[in-house]
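Peer 1: generate a structure from the sequence data that follows.
(2 chains)
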Amino acid sequence: MEQEKRPNALLDPLKFRAAVYDQIRSEDAGFSNYSYWRSTLRTFFKSKAVVLLVGVVILLILMSVFYPIFSDVDPTRISRLPLEWNLRPSREHWFGTDTLGRDIWARAWYGVRNSFLLGFAIACSDVGFGTIAGALWGYNKKLDPFMIELYNIMTNIPSTVYLVLLAYIMNTSYLTLFISMASRGWIVEARFFRNRILSLRDSEYNIASKCLGTSMRRIAFRNIIPHIISLIIMEAALCIPYSIGAEVFMGFVGVGMPVDAITLGNIVNQGRASFTLHPYQMLLPSGILCLITVAFYVIGNKFADASDPRNHV
Amino acid sequence: MTETACFHGAEPILSAKNVEIKFNLRGKVLTAVRGASLDLYPGETLAIVGESGCGKSVFTKSFIGMLDKNGSVTGGQILYRGEDLTQYTTEAEWLRIRGKKIAMVFQDPMTSLNPVRTIGEQITEVITWHFGTEHEQAKREAVNLLKRVGITDAESRYRQYPGEFSGGMRQRVVIAAAIACRPEILICDEPTTALDVTVQAQILQLIRRLQKELNMTVVYITHDLGVVANVADRVSVMYAGQIIEHGTVHEIFQQPAHPYTKALLRSLPQLGVKGHALYSINGTPPNLFKEIAGDAFAPRNPEAMEIDFEQEPPSFPLSETHWAKTWLLHPYAREYRAALDERDFHIHEQRQPEQAFDYSGNPEKLLQVRDLSVRFKLAGKEFSAVDHVNFDVYKGETLSLVGESGSGKTTIGRAIMRIYQSNVTGQILYKGRPITGKLDKETVRRLRMEMQMIFQDPMASLNERAKVDYIISEGLYNYHLYKNKADRNRKVAEIMDEVGLSKDFSSRFPHEFSGGQRQRIGIARSLVMNPDFIVADEPISALDVSIRAQVINLLNKLKRERGLTYLFIAHDLSVVRFISDRIAVINKGRIVELAACEELFRHPLHPYTKALLSAVPYPDPDTERDKNPLVYDRRMHNYDADKPQWVEIVPGHFVLGNGEELALYRKEIEAS
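Peer 2: I've put the predicted structure just below:
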């Protein structure tokens, strides 16, 4: 490289005089075009699996929203004709009918919709309460001993025992299910956010805000939340498959939703009952269940990786 | 110590020729090293100097095949004893060289040590791994190595974990592991940057001693020209991935030829004249994603010639050992160069140091600190980070608090800013009124506006997710210090102009700025409140030499123009001497000495102050070579029977000592 640029005889002596000094240009030399969210999204969508799974999730959500609106098939319609019970998949019933002659395809989408709603509700409450509790916990040292004990007690009781017990005491309904899952999930999130907020709390830029007399509210909204928003998204994404899975499990042990409610848990459970004779009845609901769980877990984890600036290569 | 200067008869052990290193970063190609060449001779010490981001670390890491995964050597040769290291592809090949022939010591000792294994195991492992020595034998050797690097009580230290060692001791352990295989070349990448000045001097001495004993070639990578003057035989100045000047240490310090080398040396506060602006380099090293035309330094060089923007200069020899890549040395530039030299000479002639701060007229005490203690709880144990500290800050002066890490200087600053409250005892008076404990809202509001803080780390002290506009207006929003949106915008624009930033930058995010620019944003954020008093917590210690000068100049300018008072917290005495009126030296939570700046440098009394002053690196190879840093040990004081007192020994000069020591100090003052 150096050889090519040997001084040649044709150098212009006039060039050896002072050049115009450009103040602005001298300041602007080392400009980085890095942007956190752009890099996060780019890293996130770099993986083909993520693109595919995000597509699948969007499709599932769209189907579960629009199918119940546009379809005229009643998923609760019971047929009195035994001829219509346990039908194999056909043009009329794409995935057949169940033991009471209800259309499985239709039921599946209603089920997905209800399960999604439940999952989103629980994710919102867990992550929402968790963030608030975590913020208080992280900011207030006096809360620490109490919260740690509470955390230990609540997490050391096996979750299944707790869920079953609560569902058993109260009548089975959406609300019971919601309460039994939401009453417990928040503390795990709270602890997670407490650790994050604790490390943010003492960082220099927050101390700087304190010195400027910034109010607690403004510090929370401008200094803290923008830094943990990616974590909130990730935690919510991981919460959804867990809640849906928990609902299915509760249905499985018989303390889930009342039998007439259409949820993925109930459909899988009913399919399981007739699995030996009519295995196809379980095919669609459990297929969708697997898809949801895998998709959300993968998306959540990949997003966690992508939101870490160390992976922004 | 300059006997090693004649190495040119010998063959180089390692010779890098036109090395080019590229990285793939976020889909773009970054050329970190653009054709750098280097020869290493047996037994010599070479220092590579340059700002951060110049490619110094990357260049030397390529000698041992430790580039990050996304980087590779794309051109040139690295010949080690006739073998081209760039042809190595497998780890097995590298392991023959790495650690065994060429070893490396990194900046942060904690990153090279495994925290969950004992020091001894880690060194022993190096020995058994490379030589296959049996365990008992290797263990004995490890203990010997620990003794050799100056670790007392090596046998019991052998069984301790890195966490039980202090920073300096850890660095000694890392050095012990690095020399375990008797390497021919030892590369030290900023080995002392993370350490305190006094420890730094000891580590440099250690490396020099080991170099002699083991006849190693040592390569230092550093941005501290004081360190360079202390250790180097030859110096390579690196800029934008190229070595732009190379010569013996005397040649570089006395006859620098490249404008960048000159600028680096001139921006050192040690060489500045008090009261005058320091020479500073604008901007930052170039973005190496872009193709660089001509001399890479030209855009930042106010004296650049037109040719500098068009063609890359070749290297011109100045002497047998000294060459530089600059068009200034071309015969055509002779006249221009003479004109520059003439002007520099005149500027230096005319400078007179400004009058020292006048304390005779009973100046107003802006801040009074009385018996301040701050206690912290750590793992159940309570300890005093700050222990009965007394001092005053007069209106319009700069008082510096100097001490090593962990001395409590930042804690004092934060206690004054009311960041710590419940664990603070003693009194702090601001304008005669107490500001500790519970205060009413109106007082807090007034204090928040009159007292501001500037922070150490410009990377951590700005909110990454907020725009500059918001960051600067934060205080304005909090106290509604503006009439309407236009008024606020005007205030932000004014303040940005005052700190030397273009107002177009206000819609950018902090990560788009360099360290120096970010620090100026931080300063603007405090200034917009129009404060009287500023606590500056190590505002320049995280910055590069050239950028330091910008910030120092800005702080001095603001002091003059706005009549600000500073409490300047620092660990670097050379900077402190340049900017402060009085200096307080703090050690382990206690202020041990306080005096006017020149008085302290002329008549240091407390042994800790003396040790600190003797360790300060000075960018002059002749004074550096002969210095022998003093070592301070707290155990030298016998305070059991006779408690130390804080005494004004001569007017304006305070010192901490017991009766016996004070008598000694008095004698010392009389003698001088």
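Peer 1: what is the neighbour count of residue 93?
Peer 2: Chain wasn't specified; assuming chain A. 19 (other C-beta atoms under 10 Å in any protein chain shown). Using the backbone N, CA and C atoms, a C-beta is placed for each residue, glycine as well.
Peer 1: that was the other one, I meant chain B.
Peer 2: 14.
Peer 1: part of a helix, is it?
Peer 2: Yes. Assignment of residue B:93 by DSSP: H, G, I helix; E, B strand; the rest coil places it within a helix.
Peer 1: next one, pLDDT for it please.
Peer 2: pLDDT, the model's per-residue confidence, is 87 for residue B:93.
Peer 1: list the residues that contact residue B:21.
Peer 2: B:31-33, B:55, B:58-59, B:62, B:67, B:71-74, B:241 (C-beta atoms under 8 Å, 6 or more residues apart in numbering or on different chains).
Peer 1: what of residue A:303?
Peer 2: For residue A:303, counting by C-beta under 8 Å, 6+ apart, the contacting residues are A:44, A:230, A:233-234, A:237.
Peer 1: how close does the nearest residue to residue B:573 once chain neighbours are set aside get to chain A?
Peer 2: Counting by C-beta to C-beta, 6 or more residues apart in numbering or on different chains, residue B:573 lies nearest to residue B:616, which is 4.7 Å off, once chain neighbours are set aside. Look at residue B:616 and chain A: by C-beta to the nearest C-beta, to the nearest Å, they are 27 Å apart.
Peer 1: also residue B:97?
Peer 2: 26 Å.
Peer 1: burial count for that residue?
Peer 2: Residue B:97 - counted by other C-beta under 10 Å - has 22 other residues nearby.
Peer 1: dump the contacts of residue A:303 to TSV, plus distance to chain B, pLDDT and neighbour count.
Peer 2: Formatted as TSV, the contacts of residue A:303 follow (distance: C-beta to the nearest C-beta, whole Å; pLDDT from 0 to 100; neighbours: other C-beta atoms under 10 Å in any protein chain shown):
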residue	distance to chain B	pLDDT	neighbour count
A:44	14	89	19
A:230	11	84	17
A:233	15	86	16
A:234	17	87	21
A:237	21	87	22
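Peer 1: how about the strands of the stretch 51-200 of chain B, start to end?
Peer 2: Applying DSSP state E, counting those that start in this stretch to the stretch 51-200 of chain B gives strands spanning B:71-80, B:83-84, B:102-105, B:185-189.
Peer 1: could I get those as JSON lines with distance to residue B:513 and mean pLDDT?
Peer 2: Listed next are the strands of the stretch 51-200 of chain B as JSON lines, based on distance: least, C-beta to C-beta, whole Å; pLDDT from 0 to 100:
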{"stretch": "strand B:71-80", "distance to residue B:513": "25", "mean pLDDT": "90"}
{"stretch": "strand B:83-84", "distance to residue B:513": "41", "mean pLDDT": "88"}
{"stretch": "strand B:102-105", "distance to residue B:513": "31", "mean pLDDT": "91"}
{"stretch": "strand B:185-189", "distance to residue B:513": "26", "mean pLDDT": "93"}
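Peer 1: report pLDDT for residue A:126.
Peer 2: pLDDT recorded at residue A:126 is 92.
Peer 1: right, I mislabeled it, should have said residue A:3
Peer 2: pLDDT, read off for residue A:3, is 43.
Peer 1: ditto for residue B:239
Peer 2: 92.
Peer 1: quick check: phi and psi at it.
Peer 2: Per-residue torsions, residue B:239: phi -150, psi 130 (degrees, to the nearest 10).
Peer 1: next one: the one 10 residues further on
Peer 2: The phi/psi pair for residue B:249 (degrees, to the nearest 10) reads phi -60, psi -40.
Peer 1: give me the neighbour count for it.
Peer 2: 25.
Peer 1: and it, how far from residue B:572?
Peer 2: 21 Å (C-beta to C-beta, to the nearest Å).
Peer 1: and what of residue B:20?
Peer 2: 36 Å.
Peer 1: now do residue A:54
Peer 2: For residue A:54, the distance to residue B:572 - C-beta to C-beta - is 52 Å.
Peer 1: for the residue most central in space within chain B, give me its contacts.
Peer 2: Geometric centre of chain B, nearest residue: residue B:541, 5.4 Å, by C-alpha atoms, centre = their mean. If a contact means C-beta under 8 Å, 6+ apart, then residue B:541 has B:456, B:570-572 as its contacts.
Peer 1: narrow these to those in strands?
Peer 2: residue B:570 (DSSP state E).
Peer 1: picking that back up, helix, strand or coil for the residue nearest to the centre of chain B?
Peer 2: Classification of residue B:541 by three-state DSSP places it in coil.
Peer 1: swap in residue A:94?
Peer 2: Following three-state DSSP, the label given to residue A:94 is coil.
Peer 1: now do it, the pLDDT please.
Peer 2: 74.
Peer 1: how close does it sit to residue A:105?
Peer 2: Applying C-beta to C-beta, the value for residue A:94 to residue A:105 is 4 Å.
Peer 1: these two: which is more packed in?
Peer 2: Neighbour count, other C-beta under 10 Å: between residue A:94 and residue A:105, residue A:105 has more, with 18 against 13.
Peer 1: next, the contact list for the more buried one, please.
Peer 2: A:73, A:93-95, A:284.
Peer 1: what about the helices in the stretch 1-150 of chain A?
Peer 2: Along the stretch 1-150 of chain A, the stretches classed as helices by DSSP state H, counting those that start in this stretch are A:23-27, A:36-46, A:48-70, A:104-139, A:144-156.
Peer 1: a markdown table for these, including distance to residue B:498?
Peer 2: Listed next are those as a markdown table, based on distance: least, C-beta to C-beta, whole Å:
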| stretch | distance to residue B:498 |
| --- | --- |
| helix A:23-27 | 15 |
| helix A:36-46 | 29 |
| helix A:48-70 | 47 |
| helix A:104-139 | 35 |
| helix A:144-156 | 44 |
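Peer 1: mean pLDDT lowest where, among those?
Peer 2: Lowest mean pLDDT within the helices of the stretch 1-150 of chain A: helix A:23-27, a mean of 63.
Peer 1: hang on, the earlier thing: Throw the strands of the stretch 51-200 of chain B into JSON lines and include mean neighbour count and distance to chain A, thanks.
Peer 2: Shown next, in JSON lines, are the strands of the stretch 51-200 of chain B (neighbours: other C-beta atoms under 10 Å in any protein chain shown; distance: least, C-beta to the nearest C-beta, whole Å):
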{"stretch": "strand B:71-80", "mean neighbour count": "18", "distance to chain A": "7"}
{"stretch": "strand B:83-84", "mean neighbour count": "12", "distance to chain A": "18"}
{"stretch": "strand B:102-105", "mean neighbour count": "24", "distance to chain A": "22"}
{"stretch": "strand B:185-189", "mean neighbour count": "23", "distance to chain A": "21"}
